[in-house]
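Colleague: Okay, predicted coordinates and the sequence, questions at the end:
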Amino acid sequence: MKTHKRIFAALFAIALCLFYSSCSKDETTDPIDKDYKQIYEENFNGGKSDWFTGTYNNNTYNVSMANGKYIHKLTAFYSNYAFMQHNYFTDQEKKQLMETSLQLTSGNGAACIVLNGKQSAVAGQIDQIYLYISKNQYFSIAKIKDGKSEVILNWTAHEAVDITKPATFTAELEGGNLKLAINGTVIHTWNNSGINTLNAIGLGLAQWEENSGSSSTTIEYDYLRLYVVN
């Protein structure tokens, strides 16, 4: 099922405070329970896909598809980009769930997954939630609203976070509560998030460390699947 495509690329530079904290006892979850109905699947098969491919920002950001992978490569620092598809959910569902498989194949950046993208009250701005997943067991949550950025969760460590090999990431929304999991292990639950839809899901990457020893970061996404409970 394909709907109208919008491509959004956002430059988001933010000073993230490094108050690292460890997670408590792990919660495990079956990402896709029997009540869920699949409504969308994207396998990134080149000409059969309507997701963005090409270059952006003076050729420092390249997006391509090869061998069923959605490949993002960024050579600029202090930047993140996410290319988005819109309106797969009706927003009347009891539960919404997105699932993707991703891997950091080079560099020291982070996967950037965007949720809840919508038009801001400020002209020309998009409100959205950013989820960052790094190679070194850390993840973070931020948001932009009316053109202003805010850190929701500072970089937080969890042993389940390892994207140097293929990892399955899920985000489940029910009644405003957002549950994030990697390989079936819940890494964070954001209760009363204020989010009412996962629509406008974006996939991309971020890179901030100019002296990280790597001039580029590459993230590969294997698929995107969306599910609902009505």
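Modeller: Done, it's in. Numbering: from 1, shown residues only.
Colleague: Would you mark the buried spots in the helix or strand encompassing residue 96?
Modeller: In the assignment (DSSP states H and E), residue 96 maps to strand 95-106. For strand 95-106, burial by neighbour count (16 or more other Cβ atoms under 10 Å) applies to 95, 96, 97, 98, 99, 100, 101, 102, 103, 104, 105. Quick note: C-beta positions are derived from backbone N, CA and C, even for glycine.
Colleague: quick check, nearest of the residues you listed to residue 205?
Modeller: Checking the buried residues of strand 95-106 against residue 205 with Cβ to Cβ, the nearest one is residue 104 at 8.3 Å.
Colleague: can you tell me which residues contact the closest residue to that closest one other than its chain neighbours?
Modeller: Closest residue to residue 104 apart from its sequence neighbours, by Cβ to Cβ, 6 or more residues apart in numbering: residue 163 at 4.6 Å. Listed by Cβ atoms under 8 Å, 6 or more residues apart in numbering, the contact partners of residue 163 are 102, 103, 104, 111, 133, 134, 135, 219.
Colleague: What confidence value was assigned to residue 163?
Modeller: Here the pLDDT value assigned to residue 163 is 95.
Colleague: tell me the phi and psi of it?
Modeller: Per-residue torsions, residue 163: phi -110, psi 10 (degrees, to the nearest 10).
Colleague: And the lowest mean pLDDT element among the helices and strands of this protein?
Modeller: Among the helices and strands of the chain, strand 27-28 carries the lowest confidence by mean pLDDT, DSSP states H and E, at a mean of 54.
Colleague: Report the mean per-residue pLDDT for the very next helix or strand once past that strand.
Modeller: Reading on from strand 27-28 to the C-terminus, the next helix or strand found by DSSP H and E is strand 37-42. Confidence over strand 37-42 (mean pLDDT, whole number) is 92.
Colleague: Quick one: list the elements packing against the helix or strand following strand 37-42.
Modeller: Next in sequence after strand 37-42, counting helices and strands by DSSP H and E, comes strand 54-56. Judged by 3 or more Cβ pairs under 8 Å, 6 or more residues apart in numbering; DSSP states H and E, the packing partners of strand 54-56 are strand 61-66.
Colleague: Tell me which residue is most central in the chain.
Modeller: For the chain, the residue sitting closest to the mean C-alpha position, by Cα atoms, centre = their mean, is residue 113 at 1.1 Å.
Colleague: Secondary structure element holding it?
Modeller: Assigned by DSSP H and E, residue 113 falls within strand 110-119.
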